[in-house]
Each structure stands twice: as C-alpha cells, then as structure tokens.
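Visitor: Next input, structure requested:
(3 chains)
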Amino acid sequence: MTDSFAPALLNWFDEHGRHNLPWHHNRTAYRVWVSEIMLQQTQVATVIPYYQAFMHRFPDVHSLALAPTDDVLSHWSGLGYYARARNLQKAAQAVVKEHNGEFPRDQQQLEALSGIGRSTAAAILAQSYDIKAAILDGNVKRVLARYHAITGWPGQTAVLQKLWQFAEQHTPNDRIRDYTQAIMDLGALVCTRSRPSCERCPVQQTCLAYANNETTLYPGSKPKKTKPEKTTWMLILEDSEGRILLQRRPPSGIWGGLWSLPELDPALGEDELQQACEQQLGLSCGDPQRISGFRHTFSHYHLHIQPARMSAEPKNRVADDNHRWLHRDQALSLGLPAPIRTLLTDPEQTTLL
DNA sequence: GACTCGTGGGG
DNA sequence: TCCCCAAGAGT
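Guide: Modelled structure (predicted):
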C-alpha cells in the first residue's frame, strides 16, 4: 500500500518548515543531543537562549564530561527538570569513557545513556545521522491522533501503542532527517493544540478528524486531579557582613542538586524557628521576621513558600561542602531554583509582614 | 500503571 | 486566576 503522508509532508516542509534553528547549524550528534534534551517538555523559544549559552560554555562532549557539576546546573538554572542536566553530564561521561567520545549510531546503545528514551534516541539518529527511526513527541502525538482519529488520552498505554504504530508506519525510507523535522513542524505551526490551521495542512484531504470536523476531540484530554497544597519555611539567614546562607539540595527530588535557601519543617511555628535553626544548622540566631510569602505551582502540587529572615552567625564551623555564605549577587550566579531567584531578586517579595 | 520532575506561554 | 501543556524520561 502506498502512503502519501510522507511525500505530501516533505513537499510542505521544503517551503514552510523550520530550517534555521540554532541546532540545525553545524549539525553534530553532540549538538543535536543537547538540543533534544533541552527541548523535552520545553518550548523552542524558551530553549534557544539557554542552548546558545550552554554550547558556548560546553562546546563538545569532553568539556561537558570534565566540567564541575555545579557549572552544568547553573547553566540549566531556570529551565526546570534538573534531572535532565544531571543525566546529561552522566551520559557525556559515558560517551567519553565507553564510546571513545563518539555517540553510538544504534538505538539500543543510545537508550542506554542517561536521559535518552525511545523518542529522543530516534531523534538523534534521524537528525544527526539520517538513520531511519520513528519519533513520537507531543507534536507527533497530536498530528497522528487527529489524522487517524485516535480516541483516548495518549498517557494510556493502549493509546500510546497505537500512536507508535502509526508513527513507524508513516516514517519513510528516504529523507529521514527532513521528515522528522517536518512532522514536528506541522504540529508546531499548523496542527496546533487550539485552532489548528487546517486550510494550510498538506495532509488535510486524508485526515479523519478534519473529514468529520472533529479536530477538537483529539488528542483526548487527560483526567484532571486537584493539586494538593504544600507549605515550607524558607530562611534568609544573614550574617553581620550581609551574607546569606545557601545550602545545596539533595541530588534527587525537587530542585535536585541546586542551591537554595535552607528549609525547615512547615509544622514548626514561627516561635520555634529560631531554636530549630540553631540546632539543625549550628548557628546563633536573632529573632525571626516573617516576610510575605507566595505560591509556586508545580506540575503536581502547589507549594506555599513562607520566607523568614533572621540574623545569624556560625557557632563553630558550618563551612562544609553543602553550605555557603554568599552575598546576594554571588548567590545569583549559582544554580538557583526560579522561585528562590525571585525571592532574592525582587524587593517586593522581601516586605516584612 | 501511577508518580515525580519545573517553568513559562496561551486560552 | 486557573487550567492545560510543551521536541519525555526515570522510578
């Protein structure tokens, strides 16, 4: 059976596709790989400035493998999903050590690297080596769900299996690199989430959702759940020289490996902060002052951040590897979570209650 | 299979 | 203001 999907798409791509993104130039496997990791769950416009700075600081896989992890994380600060940055360096070290500095041209070996799953491995093969492999990102899911009128939420395994099946079926033998870019561009530029521009679509005539005037039904929406509310204390501990205490967060969990303000158990009352702080951090502290808090929304919960300010001096020695006293501008040069950066930057957020 | 992991854009 | 979701992967 002849499938007109790919030829029509490629013709459209030649004239209307995106041919000028930063990772399209000097297209090495390393540059494609970094872009693919950054683009996971992150929009192109957000990625571009981070990508430019990252490639300038880490121009090849060796510089990334050898860099201090703090340096990698600080270049990722503000992008989110920080496990991507930790996995990126881990994979770079594996490529240097186990693959002689060259990215493998094999899907299975690529997927063995940290942070590279099925779709990302396929994207690297297609984009950098022009090797046939099917991708399935958010754009492709939306295009295929509409084109084939696939009901159900793509998070369900059965739906995902159908999508992968069609993704592989449509993938042509030639011009893999262009086809991979083309189907993503179609999703990003024409087959958009809301108000798709079907009049400009190259595969409109064979699209089931369009034929039935049902583009809004696909892909199916995910079941909604109410997000729980969590609360935490964030401490601005300032010494007599005006420096602030920062602590490195554990390698896993929220904001893993980043620097942030010290946290205390939200169950503690305001009057218990001083004692808890002295015990847990080995400081001598003044009276706590509440600062106006704010709410930060995550994918799965809301976090109410209540900041408190205290004057503090180290009693014996707190200068371990995971704590640093820094002035405000020095602190901002570290890898900080976005809400903490806001807290330290925005004077409005440091109003006394 | 269900959770976890971030941040910003758009409706 | 609130919700969904974006070039997904790991546990």
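Visitor: Alongside DNA strand B, which residues does the stretch 151-300 of chain A contribute?
Guide: Near DNA strand B, the residues belonging to the stretch 151-300 of chain A are A:157-158, A:194-195, A:225, A:253-256, A:296-300 when assessed by Cβ under 7 Å from any atom of the strand. Where C-beta positions appear, they are placed from N, C-alpha and C, glycine not excepted.
Visitor: These: which ones sit near DNA strand C?
Guide: The residues of those that also fall near DNA strand C, by Cβ under 7 Å from any atom of the strand, are residue A:299.
Visitor: Looking at the residues of the stretch 151-300 of chain A next to DNA strand B, spot the one nearest residue A:53.
Guide: Sorting these by distance to residue A:53 puts residue A:255 at the head of the list, at 20.0 Å, by Cβ to Cβ.
Visitor: between the residues of the stretch 151-300 of chain A next to DNA strand B, which has the most around it?
Guide: residue A:255 (19 neighbours; other Cβ atoms under 10 Å).
Visitor: tell me the contacts of that residue?
Guide: Counting by Cβ atoms under 8 Å, 6 or more residues apart in numbering, residue A:255 makes contact with A:82, A:249, A:337.
Visitor: quick check, nearest of the residues you listed to DNA strand C?
Guide: Nearest to DNA strand C, judged by Cβ to the nearest atom of the strand, of those is residue A:82 at 10.2 Å.
Visitor: Reduced to three states, what does the nearest residue to the closest one once chain neighbours are set aside come out as?
Guide: Distances taken as Cβ to Cβ, 6 or more residues apart in numbering place residue A:256 nearest to residue A:82, at 5.6 Å, with adjacent residues excluded. In the three-state summary, residue A:256 is assigned as coil, counting by DSSP: H, G, I helix; E, B strand; the rest coil.
Visitor: before we move on, back to that, tabulate the contacts of residue A:255 in a markdown table, adding columns for pLDDT and neighbour count.
Guide: Listed next are those as a markdown table, based on pLDDT from 0 to 100; neighbours: other Cβ atoms under 10 Å:
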| residue | pLDDT | neighbour count |
| --- | --- | --- |
| A:82 | 98 | 22 |
| A:249 | 96 | 19 |
| A:337 | 95 | 20 |
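Visitor: What about the residues you listed, which are in strands?
Guide: Among these, no member is found in strands (DSSP state E).
Visitor: In a markdown table, list those along with distance to residue A:330.
Guide: Written out in a markdown table, the entries for those read as follows (distance: Cβ to Cβ, whole Å):
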| residue | distance to residue A:330 |
| --- | --- |
| A:82 | 21 |
| A:249 | 18 |
| A:337 | 17 |
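Visitor: Quickly name whichever of these is closest to residue A:111.
Guide: For the contacts of residue A:255, the nearest to residue A:111 is residue A:82 (21.1 Å; Cβ to Cβ).
Visitor: what about that closest one, distance to residue A:210?
Guide: Counting by Cβ to Cβ, to the nearest Å, the gap from residue A:82 to residue A:210 is 40 Å.
Visitor: and if you look at residue A:200?
Guide: From residue A:200 to residue A:210 the distance is 12 Å (Cβ to Cβ).
Visitor: ok, now residue A:168?
Guide: Taking Cβ to Cβ as the measure, residue A:168 falls 23 Å from residue A:210.
Visitor: neighbour-wise, which of the two wins?
Guide: Neighbours per residue, other Cβ under 10 Å: of residue A:168 and residue A:210, the larger number sits with residue A:210, 20 against 13.
Visitor: Do I have it right that that one meets residue A:204?
Guide: Yes: contact status for residue A:210 versus residue A:204: in contact at 5.4 Å, counting by Cβ atoms under 8 Å.
Visitor: Pull up the overlap in contacts between those two.
Guide: Here residue A:210 and residue A:204 share the contacting residues residue A:198, scored by Cβ under 8 Å, 6+ apart.
Visitor: Give me the spatial nearest neighbour of residue A:207, chain neighbours excluded.
Guide: Counting by Cβ to Cβ, 6+ apart, the nearest residue to residue A:207 once its immediate chain neighbours are dropped is residue A:147, at 4.9 Å.
Visitor: so how far is DNA strand B from that neighbour?
Guide: Applying Cβ to the nearest atom of the strand, to the nearest Å, one obtains 22 Å for the distance of residue A:147 from DNA strand B.
Visitor: Counting neighbours, what do you get for that residue?
Guide: A total of 22 residues lie near residue A:147 under the criterion other Cβ under 10 Å.
Visitor: now for the longest strand anywhere in chain A, which elements pack on it?
Guide: Using DSSP E to define each element, chain A has its longest strand at strand A:302-314. For strand A:302-314, the elements it packs on are strand A:229-238, helix A:273-281, strand A:283-285, strand A:289-290, strand A:294-297, helix A:338-345, judged by 3 or more Cβ pairs under 8 Å, 6 or more residues apart in numbering; DSSP states H and E.
Visitor: which one of the residues of the stretch 151-300 of chain A next to DNA strand B is nearest DNA strand B?
Guide: residue A:157 (2.9 Å).
Visitor: Distance-wise, check the closest one relative to residue A:196.
Guide: Going from residue A:157 to residue A:196 by Cβ to Cβ gives 26 Å.
Visitor: For the residue of chain A found nearest DNA strand C, give me its contacts.
Guide: When distances are taken as Cβ to the nearest atom of the strand, chain A approaches DNA strand C most closely through residue A:117, which lies 2.5 Å from it. The contact partners of residue A:117, by Cβ under 8 Å, 6+ apart, come to residue A:111.
Visitor: now it: how far from residue A:337?
Guide: Residue A:117 is 25 Å from residue A:337, where distance means Cβ to Cβ.
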